[in-house]
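K.L.:
Got a sequence here, can you build the structure:
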Amino acid sequence: MLALTAFAASILNKESKDAIARWLMGAQMELHWAKSFIALFDAVFGSNHLSLKCLLRSAIASLIAVVLIWALMGIGGNYGQRLNADLTLGQVLFYGLLINIAADFVSLLETRWLLGWLATPRSVAVQIGALVADFLISALIIWVAIWGITWIMGIEPDSFAEIIGVFSIFSVLFYSTFLTSVWSWSFILSTWILRFFTGLRLHRTLDVKNKPLFLLGLVLGGVVFSGSLTTAAILRADDKGLTALDRALCGAFKGEVCLSVARLTSNEQAQLELLLLACEGGITEECVARGDDIYEVTPEDAAELWHVSCAAGDAQGCNSVGFLYDRGLGVDRDYVEAARYFRLACRMGGYVKSCTNLGILHENGRGMEVDLAEAARLYRMGCDGGHARGCTNLDFLVEDLGKAADDPQA
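P.N.:
The predicted structure is shown next:
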């Protein structure tokens, strides 16, 4: 901010500087702060937004912002860990040229319009609403740009939650766009700060008259610094390696985001909690696989994972729950419950092993009356679906019934 205000100081004429100084000293009626801020904005980007000068300066600012965010994420130490991939400077610049230059130019136009709209005095509530609207509009602009380019390139776009959570290579491009919004955010926040400034009449002890832009830069720098501290607090990892943003995104979106967050921590209890949320969001494969890995050691945890995945519609998860009841692992042995889950998985389709397992219960009368005809039907379903044991059990069942000699299907 100090660099920008120094640049503006070299461009603005003495009258504009004096007007800003008078405002800082409390003469609000002579020149509204918004007009002074717009003058500073125009000094940096030009007054004509559709001019080549504005486009070039916006493009330079965009690329600087992209590289800055990329560097900051790299300094943070876990960007590569979150993605399980590297994002080189060349890739950053390529995507920045492809996506951000156009998106940021549009976002800058929205910021210019917003500053002009704020030229009329607004209440604090309206200003807060403007901040929220600015954030949402900027997010929409860059999201549409990312989605459009990935669609043209034939790349499956990451979800909005993955981009916000920095689980996507496009997160750098997304967050860099918000540097254009620093102008509107700085205007509103600095307005509040400067009201406090003039209320205390600090101009009596500070050289406002001769160095208005320098002091203005200090105030805006303070706004950016405060925002950085807030962001750092949100992104600070706890003892489990997770940030407040990670937990909030997982709670709000579940699914794939929770699975990505789970990979960030080595704490087994935290992983289990996050995997359960991922299952609730429909990402069940990882929960089923984790249950397969741990059921012999901690069957209670496996039961919880498989129950949640079954509730989310995973047939293999339902079959695994039935297996636990059938064997009495992590739960009390209950053949009726085992049959219920095997039947549920069999009806879902796609996991025919559960049909064979249910047939075994029917054949042996576990949790129900012996029903060989139903057992044969279920074995055939398993066999037709490619489950070898279903074919074998059907063969043995037919032999036991004395039909092997003249039944070609046996």
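
K.L.:
For the rest of this, base every contact and every neighbour count on C-alpha atoms.
P.N.:
Noted.

K.L.:
which phi and psi does the residue most central in space within the chain have?
P.N.:
The residue lying closest to the centre of the chain (C-alpha atoms, centre = their mean) is Ala161, at 2.5 Å. When quoted as degrees, to the nearest 10, the phi and psi of Ala161 stand at phi -70, psi -40.

K.L.:
Leu173 touches Leu68, doesn't it?
P.N.:
No. Using C-alpha atoms under 8 Å, Leu173 is not in contact with Leu68, being 10.6 Å away.

K.L.:
Show me which of the two is the more surrounded one.
P.N.:
For Leu173 against Leu68, the residue with the higher neighbour count under other C-alpha atoms under 10 Å is Leu173, and the figures read 30 against 14.

K.L.:
Tell me how far the more buried one lies from Asp42.
P.N.:
Leu173 is 25 Å from Asp42, where distance means C-alpha to C-alpha, to the nearest Å.

K.L.:
likewise Arg343?
P.N.:
Summarising the geometry, the distance separating Arg343 from Asp42, computed by C-alpha to C-alpha, is 70 Å.

K.L.:
So which of these two has more stuff around it?
P.N.:
Counting neighbours by other C-alpha under 10 Å for Arg343 and for Asp42 shows that Arg343 has the greater number, 22 against 17.

K.L.:
which element is the closest residue to that one other than its chain neighbours on?
P.N.:
Spatially, and ignoring its direct neighbours in sequence, Arg343 is nearest to Leu358 (6.4 Å; C-alpha to C-alpha, 6 or more residues apart in numbering). The secondary structure element spanning Leu358 is helix 353-364 (assigned by DSSP states H and E).

K.L.:
which helices and strands does that helix pack with?
P.N.:
Packing partners of helix 353-364 (3 or more C-alpha pairs under 8 Å, 6 or more residues apart in numbering; DSSP states H and E): helix 315-327, helix 335-348, helix 372-384, helix 388-400.

K.L.:
ok and that helix relative to helix 335-348, angle-wise?
P.N.:
Between helix 353-364 and helix 335-348, the angle formed by their directions is 140 degrees, by axes from the mean of the first three to the mean of the last three C-alpha atoms, to 10 degrees.

K.L.:
Identify the residues contacting helix 353-364?
P.N.:
Outside of helix 353-364, the residues within contact range by C-alpha atoms under 8 Å, 6 or more residues apart in numbering are 316, 319, 335, 339, 342-343, 345-346, 367-372, 374-379, 381-382, 387, 389-390.

K.L.:
Write the ChimeraX selection for whichever of the residues you listed are buried.
P.N.:
To isolate in ChimeraX the members of these that are buried, counting by 16 or more other C-alpha atoms under 10 Å, one can use:
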select :316,319,335,339,342,343,345,346,367,372,375,376,377,378,379,381,382,387,390
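
K.L.:
In this structure, where is pLDDT below threshold?
P.N.:
1-34, 74-86, 193-238, 350, 400-410 (pLDDT under 70).

K.L.:
which helix of it spans the most residues?
P.N.:
helix 124-153 (DSSP state H).

K.L.:
mind listing what's buried in that helix?
P.N.:
Under 16+ other C-alpha under 10 Å, the buried positions of helix 124-153 are 127, 130-131, 134, 138-139, 141-143, 145-147.

K.L.:
Going by distance to Thr111, which of those wins?
P.N.:
Asp134 (7.6 Å; C-alpha to C-alpha).

K.L.:
what sits against the closest one?
P.N.:
Taking C-alpha under 8 Å, 6+ apart as the definition, contacts of Asp134 comprise 110-111, 181, 184.

K.L.:
Please identify which pair of those residues lies farthest apart.
P.N.:
Distances among those were taken as C-alpha to C-alpha; the most separated pair is Glu110 and Ser184, at 9.7 Å.

K.L.:
Neighbour count for the two, which is higher?
P.N.:
When Glu110 is set against Ser184 and neighbours are counted by other C-alpha under 10 Å, the residue ahead is Ser184, at 24 against 19.

K.L.:
Helix, strand, or coil at Trp185?
P.N.:
Assigned with DSSP: H, G, I helix; E, B strand; the rest coil, Trp185 falls in the helix class.

K.L.:
Skip the chain neighbours and tell me the closest residue to it.
P.N.:
The shortest distance from Trp185 to any residue that is not its chain neighbour, by C-alpha to C-alpha, 6+ apart, is 6.4 Å, and that residue is Leu131.
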